[in-house]
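>>> Fold the stuff below for me.
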Amino acid sequence: MKLYGYWRSSASWRVRIGLGLKGLEVEHHSVHLVRDGGEQHGTDHLKRNPMRQVPVLELDDGRQLTQSLAILAYLDAQHPEPPLLPSDPYLRGRAWALTEVVNSGIQPLQNLATLQHLTRLGVDRMAWGRHHIHQGLLNLQTMATDTAGRFLVGDDVSLADIALIPQLYNARRFEVPLDALDLLLQIEARCETLEAFQAAHAHQQPDATL
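Predicted structure coming up:
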């Protein structure tokens, strides 16, 4: 398989974590989102994803999947162990809900395309991102209070934790105050002890520019 992504893309990061948890190897291909106006706008990548986004997972037979959660759902179906969602239907729903707080409630408000457009409109992109990330993470923590164990939903890693870790990285980039997010930071610390999370970190990617 081939993964087309970008080192600091939170969506690409999620897929890297999932691949690591499943013990799956892929070829990594960088799509630089900034250089020369962004390689995601080039003809080659538009064929992979008309949304001009990463990641794209190319399967062994050449078929391609886009959208990080769809890719992770595919990987979970094809390689069930370890599962990325709880078996209990209620907890499974809660894990999806927490994941979507990040995926649809926070990340789209601070992704590159949104910030670039805000800059063109004269909006302070850092202040915008800081506000929405902070509010989203506070809400995420409140929602996770009654399901959290060692991780966001019980004692096993789920999609919710996979979504959380890149979002906390972005929170620091936007200088979000984290002092009221003790639960999320405790879970982050536990995730960071796991090899799959360590290897997927943005700074460990071959295309990282620090």
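>>> where's the nearest residue to residue 108 once chain neighbours are set aside, which helix or strand?
Excluding its sequence neighbours, the residue lying closest to residue 108 (C-beta to C-beta, 6 or more residues apart in numbering) is residue 114, at 6.5 Å. Placement of C-beta: from N, CA and C, glycine included. Element membership for residue 114 (DSSP states H and E) is helix 112-120.
>>> ok and the next helix or strand after that helix relative to helix 112-120, angle-wise?
Following helix 112-120 in sequence order, the next helix or strand is helix 125-144 (DSSP H and E). With axes from the mean of the first three to the mean of the last three C-alpha atoms, to 10 degrees as the basis, helix 125-144 and helix 112-120 are set at 140 degrees to each other.
>>> I'd like the next helix or strand past helix 125-144.
Helix 125-144 is succeeded, C-terminally, by helix 159-173 (DSSP H and E).
>>> if we can go back for a sec, what about the residue nearest to residue 108, neighbour count?
Residues lying near residue 114 (other C-beta atoms under 10 Å) number 16.
>>> So it is in contact with residue 120, correct?
No. Using C-beta atoms under 8 Å, residue 114 is not in contact with residue 120; the gap is 11.0 Å.
>>> got the domain boundaries for this structure?
Domain assignment of the chain by automatic domain parsing yields the ranges 2-82, 89-196.
>>> Quick one: closest of those to residue 206.
Nearest of those to residue 206, taken as C-beta to C-beta: domain 2-82 at 6.7 Å.
>>> Tell me how far the residue located most distally from the centre of the chain lies from residue 116.
Centroid-distance maximum for the chain: residue 122 at 27.5 Å, with C-alpha atoms, centre = their mean. Using C-beta to C-beta, to the nearest Å, residue 122 is found at 13 Å from residue 116.
>>> Residue 136 too?
For residue 136, the distance to residue 116 equals 20 Å [C-beta to C-beta].
>>> neighbour count winner among those two?
residue 136 (20 against 12).
>>> and the more buried one, what does it touch?
101, 102, 105, 106, 109, 167 (C-beta atoms under 8 Å, 6 or more residues apart in numbering).
>>> Could you pick out the buried ones from these?
Buried members of these, counted by 16 or more other C-beta atoms under 10 Å: 101, 102, 106, 109, 167.
>>> dump the residue contacts of the first one.
Okay, so that is residue 101. Per C-beta under 8 Å, 6+ apart, neighbours of residue 101: 136, 139, 140, 143.
>>> What is the nearest of those residues to residue 94?
Among these, and counting by C-beta to C-beta, the member closest to residue 94 is residue 143, at 8.1 Å.
>>> about what we covered before: so which of the contacts of residue 136 belong to helices?
The helices, defined by DSSP state H, take in residue 167 from the contacts of residue 136.
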